[in-house]
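Asker: Structure for this input, please:
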Amino acid sequence: MRWVSDSVLGIGQNSLKKNAAGFSLIEVLLAIVIMAIIAQSSYMVMSGVITADQSIEEHTGRFVELQKAMAVMERDFTQMVPRQARFNGMNNKTAIEIGENMFQSEGFGISFSTGGNLNPGAILPRGEVARVWYRLKEKRLQRATYPFPDTIVGFEPEYEDILSDVTSFKISCYKSGMWTYDWTVKQNIPEGIRLELELADYGKIDKVIYVMSVEAQ
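Answerer: Numbers count the residues shown, from 1 in each chain. As a prediction, the model looks like this:
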């Protein structure tokens with residue numbers, strides 16, 4: 001019995017000595033490798049999530065920009081009015097000006113009078129009919145406004161960007177069942193407008209807008 005107890009005690013002491021010795025170098029290196037693999041996998045997952053989130057945010061911002069631009073254009077063109085305007089104090093009997101490279105545009109340019117600007121009692125310093133311009137400059141669709149249909153002498157439109165990365169901008173007019181890019185009757189406004197835009201990311205976009213066509217008085 002004495003021998004057995006000593007043997008068991010000896011085995012227990014050897015086991016405690018081994019446990020007290022800690023991890024070997026190989027075990028430590030293996031643990032480091034495993035932790036590095038887990039950390040790298042976690043980083044790749046987080047990086048993918050961040051990249052996807054940034055991409056979604058960029059696409060969302062771009063879509064909102066496009067949506068706002070189309071809404072502004074639809075409002076302006078829908079409310080086009082056959083108002084002959086005076087430019088630089090002279091009445092040239094023009095209700096609409098449209099053409100390629102007009103107003104220094106790199107595509108089509110257009111100018112017309114638009115209504116719908118409510119001003120009850122003339123409280124605000126503007127009329128209910130305003131003048132608007134559209135053009136393409138340096139791949140940016142630009143819009144300018146004047147609070148009255150008749151401009152003062154020496155007035156030059158101040159353009160603001162409403163849509164970026166536009167590679168092409170064309171406008172065709174509808175009258176008597178036909179579409180044309182060459183609108184020569186400046187005293188009248190067309191029955192409809194077709195906006196043809198080509199964007200660097202979304203490609204070609206066509207927007208048809210119906211307007212009231214009445215001979216200018």
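Asker: Give me the longest helix you can find in the chain.
Answerer: Using DSSP state H, we find that the single longest helix of the chain is helix 25-78.
Asker: average pLDDT across it?
Answerer: Average pLDDT, helix 25-78: 81.
Asker: Show the subsequent helix or strand relative to that helix.
Answerer: Using DSSP states H and E, the helix or strand that follows helix 25-78 in sequence is strand 80-81.
Asker: Need the residues that contact that next one.
Answerer: 96, 112-115, 129, 189, 193, 211-212 (C-beta atoms under 8 Å, 6 or more residues apart in numbering). (Glycine included, C-beta is placed from N, CA and C.)
Asker: Just list the residues touching the residue nearest to S176 when sequence neighbours are not counted, thanks.
Answerer: Once flanking residues are discounted, S176 sits nearest to E191: 8.0 Å by C-beta to C-beta, 6 or more residues apart in numbering. Shown in contact with E191 (C-beta under 8 Å, 6+ apart): 174-176, 210-213.
Asker: Go again with 10 Å.
Answerer: By C-beta atoms under 10 Å, 6 or more residues apart in numbering, the contact set of E191 is 173-177, 210-214.
Asker: Quick one, which of the contacts of strand 80-81 are buried?
Answerer: 96, 112-115, 129, 189, 193, 211 (16 or more other C-beta atoms under 10 Å).
Asker: Kindly list the longest strand within this protein.
Answerer: Secondary structure of the chain per DSSP state E: the longest strand is strand 166-175.
Asker: got the angle for that strand vs helix 25-78?
Answerer: Relative orientation of strand 166-175 versus helix 25-78 (axes from the mean of the first three to the mean of the last three C-alpha atoms, to 10 degrees): 30 degrees.
Asker: that older thread, so which of the buried ones among the contacts of strand 80-81 is the closest to T151?
Answerer: Proximity of those to T151 (C-beta to C-beta) peaks at S113, which lies at 11.0 Å.
Asker: wait, doesn't that closest one sit right on F87?
Answerer: No. S113 lies out of contact with F87 (C-beta atoms under 10 Å); the separation is 11.7 Å.
Asker: and the closest residue to E138 other than its chain neighbours, how many neighbours?
Answerer: Spatial nearest neighbour of E138, chain neighbours left out: E106 (7.3 Å); criterion: C-beta to C-beta, 6+ apart. Neighbours of E106 under the rule other C-beta atoms under 10 Å: 17.
Asker: Can you classify E106 by secondary structure?
Answerer: Secondary structure for E106, judged by DSSP: H, G, I helix; E, B strand; the rest coil, is coil.
Asker: W183 versus T94, what's the distance?
Answerer: Distance of T94 to W183, computed by C-beta to C-beta, to the nearest Å: 12 Å.
Asker: before we move on, the earlier item: what's the longest helix of the chain packed up against?
Answerer: For helix 25-78, the packing partners by 3 or more C-beta pairs under 10 Å, 6 or more residues apart in numbering; DSSP states H and E come out as strand 108-114, strand 130-137, strand 140-146, strand 160-163, strand 192-199, strand 203-210.
Asker: Turn the ones you listed into CSV, including mean pLDDT and distance to Q40.
Answerer: Below are those laid out as CSV (pLDDT from 0 to 100; distance: least, C-beta to C-beta, whole Å):
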stretch, mean pLDDT, distance to Q40
strand 108-114, 94, 54
strand 130-137, 94, 48
strand 140-146, 94, 43
strand 160-163, 96, 42
strand 192-199, 96, 39
strand 203-210, 94, 39
